[in-house]
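K.L.:
For reference, the sequence and a predicted model appear below.
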Protein chains: 2
Amino acid sequence: MSDVLRVTYLITCREGEDPEDKARGIALEQSAELPSRCIPEHVYDQVVPRIVTLEPISAGRYQLVLDFPEAITGYEPTQLINNLFGNISLKSGIRLHDVEWTPKLLSALGGPRFGTSGVRRLLGADNRPLTSTALKPLGLDTKTLAGYCTDFAHGGIDLIKDDHGLCNQATSPYLERLQACQDAVNEANAATGGNSLYLPNVTAPRGQLEQRLEAAQQAGCKAVLICPFITGLDALIWARDNYDLALMAHPAFAGAVAGAEHGIDPALQLGEITRLFGADMVVYTNAEGRFPTYDQELCDRINDRLWRPLGDIRPALPTPGGGVDAARAPYWVERYGPDVVLLIGGSLYAQGDLRAAARRLQDVVEGR
Amino acid sequence: MSDVLRVTYLITCREGEDPEDKARGIALEQSAELPSRCIPEHVYDQVVPRIVTLEPISAGRYQLVLDFPEAITGYEPTQLINNLFGNISLKSGIRLHDVEWTPKLLSALGGPRFGTSGVRRLLGADNRPLTSTALKPLGLDTKTLAGYCTDFAHGGIDLIKDDHGLCNQATSPYLERLQACQDAVNEANAATGGNSLYLPNVTAPRGQLEQRLEAAQQAGCKAVLICPFITGLDALIWARDNYDLALMAHPAFAGAVAGAEHGIDPALQLGEITRLFGADMVVYTNAEGRFPTYDQELCDRINDRLWRPLGDIRPALPTPGGGVDAARAPYWVERYGPDVVLLIGGSLYAQGDLRAAARRLQDVVEGR
């Protein structure tokens, strides 16, 4: 049935908690939100998800598959999140594990505007891993940050992004930084013949977000950084639909919703929901870095979800970061293949000479 | 020091994890996001939070107090969330426990536009508990929902809100429902001399949210329902600043971030952050209802945070719901006192005659 959204939860029952009761409770809570007896009969079948299977997977844990009538989402991304994990977020032992999307929802969400091939076109970089780095730390003045842009762009880094903690602080106001960094990258590109891009961080309160996107486009940026778990996920859709800018999604705050027994599977959250909502590049915290929660198996699952065929939705670029060591770049290039953005910050700074450090990294991804 | 944001985390260390390393890691991750040696000296003191105390509280658990230089927030609500629980959300065993706000941040955030007394003015209801109910379930047509409005308003319910799952589904499109329900409540008020309010659910994707708020104001609504954990929290601030509408915040998706060892303390999240961001009424899932995660102690802490003096920030109204039984209304009136909105849905519907059920509830809160 193509009008049915199939959703899988892993549920954990406490002592004495009945899995079938819990399953029925989830179905009602995420739709009618009323006891069965209070739901008019003609409405029940149209709105309440059907329990497809409920199977034990280990002591006290079960896999629950529900079929949601897709129409209850109103085909709106906000209500979709509400249906998938709204009120039941306030219960315990419920983990949103997987979703089989319907054609109509895939079409309503839409996915990346650029996708992997679109980002490659912007950079003029075929069939090789891409590189990214971050301007940091916050607290530096604009001139210093723009100077880093010059160095990184001369070193050939593809995507030079604001650190996600840079916003509109007095030490480097957004508009001032936007112009200075974009100018610096433009000048370096003119000198080297390269195509480096500067990505300002547009994460901001509603209203200001729009102004920052507008300003980024006016300044000639081709891509931006955004933290959709802070702005609200549908900011991605909105930015995709209203601006000609590739979107790099940063995972700040995403981990708040990814408990082992409760929350959302990070592979679904980062690898698929962000992609469907319009991210062209998705930053996650790579294995071996400073975020041990993200092990290799999880990172591989995120990659797979960003790459895999999914209706007409374009693939997006995994962007592993969070402590990726520049010295390990050859390993990651080998492991992840060409369709990846290696995000390397601290270990470039640690080398002192940014331009030389960037060049060394670029040589790895360019196969020199 | 008034320019320092004091933040308390409860941290849980795994076997072999050193609490001091973990504490220093949190301070760096939430600010400079670089190893200490890579941070220019003149910047370090301006941006990296200072560890005030780190004290054991039980086996493997510690209380960590950090002083954040408030300027790194740029005084923006999005960056504030980022500073408090951005990247560290992607680690484990870190729970945001408390925040001592600075005067400048309190002023930047602003709190409720109406607050408790403002909502009372809208309703003409002094010094008694207020009542609220929900139009539900989704899947019903507009005429039936508007009929419920008529019944509830004749019964005297103060705040008649859309169920948070009602958005713009084909069964009852938003604009059609808005007008029909508002008309129904207006007509009932004219007949009874009452002041019931209809609160449409404006939760929607960016762009549509604005349209729905605008339409609600045009239709003569005085208050709306919104799910800020889905739209992005700053939607509250934006709605407060741009519309003359009281805001009832619904907790859908909020529970995703409230793990016992990791996430955000629900009392801080619902009782204080929502209030500071502009909610006049805050729905939470009451003790004794169908959400056992929220016990009485937690509900009391949420209430306390919504009521307590906090600079110039207006108090907001706790709105306990999620399975509050109408038969227990006298108990809750006694327990919570007058500054509360009792949100009762299912157990009114279960009584069959909505008008009579509403009147019985109203008699309790009006002390009849």
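P.N.:
Yep, that arrived.
K.L.:
The closest residue to residue A:248 other than its chain neighbours: how many residues sit nearby?
P.N.:
Closest residue to residue A:248 apart from its sequence neighbours, by Cβ to Cβ, 6 or more residues apart in numbering or on different chains: residue A:281 at 4.2 Å. All C-beta atoms are positioned from the backbone trio N, CA, C, and that covers glycine. Using other Cβ atoms under 10 Å in any protein chain shown, residue A:281 has 31 neighbouring residues.
K.L.:
Could I get the phi/psi values of residue A:281?
P.N.:
With angles defined as degrees, to the nearest 10, residue A:281 sits at phi -140, psi 140.
K.L.:
same thing with residue A:17?
P.N.:
phi -90, psi 130.
K.L.:
ok, it - contacts?
P.N.:
For residue A:17, the contact set (Cβ atoms under 8 Å, 6 or more residues apart in numbering or on different chains) comprises residue A:93.
K.L.:
Kindly provide the distance from it to residue A:97.
P.N.:
Plainly put, residue A:17 is 19 Å away from residue A:97 if you go by Cβ to Cβ, to the nearest Å.
K.L.:
What's opposite the residue nearest to residue A:248 in the beta bridge?
P.N.:
Beta bridges link residue A:281 to residue A:248, residue A:317, judged by DSSP bridges.
K.L.:
Need the per-residue pLDDT for it.
P.N.:
Predicted confidence (pLDDT) for residue A:281: 97.
K.L.:
my guess is it meets residue A:341, correct?
P.N.:
Yes. If you go by Cβ atoms under 8 Å, residue A:281 and residue A:341 touch, sitting 5.6 Å apart.
K.L.:
Can I take it that residue A:140 is in a strand?
P.N.:
No. Secondary structure assignment (DSSP: H, G, I helix; E, B strand; the rest coil) places residue A:140 in coil, not in a strand.
K.L.:
Not counting sequence-adjacent ones, nearest residue to it?
P.N.:
Nearest one to residue A:140, counting by Cβ to Cβ, 6+ apart, is residue B:43 at 5.9 Å.
K.L.:
what's the answer for residue A:277, then?
P.N.:
Nearest to residue A:277 is residue A:236, by Cβ to Cβ, 6+ apart, at 4.2 Å.
K.L.:
Which residues are in contact with each of residue A:281 and residue A:341?
P.N.:
If you check residue A:281 and residue A:341 against Cβ under 8 Å, 6+ apart, the residues they both contact are A:132, A:159, A:248, A:317-319.
K.L.:
Flag every residue of the stretch 101-250 of chain A that's near chain B.
P.N.:
Within the stretch 101-250 of chain A, the positions near chain B by Cβ under 8 Å from any Cβ of the partner chain are A:134, A:136-140, A:163-165, A:167-171, A:203-208, A:227, A:230-232, A:234-235, A:237-238.
K.L.:
7 Å instead, please
P.N.:
When proximity is defined as Cβ under 7 Å from any Cβ of the partner chain, the stretch 101-250 of chain A approaches chain B at A:136-140, A:163-165, A:167-170, A:203-207, A:227, A:230-232, A:234-235, A:237-238.
K.L.:
what about the stretch 251-368 of chain A, any weak spots by pLDDT?
P.N.:
Low-confidence segments of the stretch 251-368 of chain A, defined by pLDDT under 70: A:256-262.
K.L.:
can you pull out the helices in it?
P.N.:
A:266-268, A:274-276, A:296-307, A:329-336, A:346-349, A:354-365 (DSSP state H, counting those that start in this stretch).
K.L.:
quick one on the thing from earlier: show me what contacts the residue nearest to residue A:277?
P.N.:
A:226, A:228, A:247, A:249, A:274, A:277-279 (Cβ atoms under 7 Å, 6 or more residues apart in numbering or on different chains).
K.L.:
any chance of these in JSON lines, with distance to residue A:328 and neighbour count too?
P.N.:
Shown next, in JSON lines, are the contacts of residue A:236 (distance: Cβ to Cβ, whole Å; neighbours: other Cβ atoms under 10 Å in any protein chain shown):
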{"residue": "A:226", "distance to residue A:328": "27", "neighbour count": "28"}
{"residue": "A:228", "distance to residue A:328": "28", "neighbour count": "27"}
{"residue": "A:247", "distance to residue A:328": "27", "neighbour count": "30"}
{"residue": "A:249", "distance to residue A:328": "23", "neighbour count": "28"}
{"residue": "A:274", "distance to residue A:328": "25", "neighbour count": "31"}
{"residue": "A:277", "distance to residue A:328": "30", "neighbour count": "26"}
{"residue": "A:278", "distance to residue A:328": "30", "neighbour count": "30"}
{"residue": "A:279", "distance to residue A:328": "25", "neighbour count": "32"}
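K.L.:
Including distance to residue B:301, could those residues go into TSV?
P.N.:
As requested, those are exported to TSV (distance: Cβ to Cβ, whole Å):
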residue	distance to residue B:301
A:226	33
A:228	30
A:247	38
A:249	34
A:274	33
A:277	34
A:278	38
A:279	36
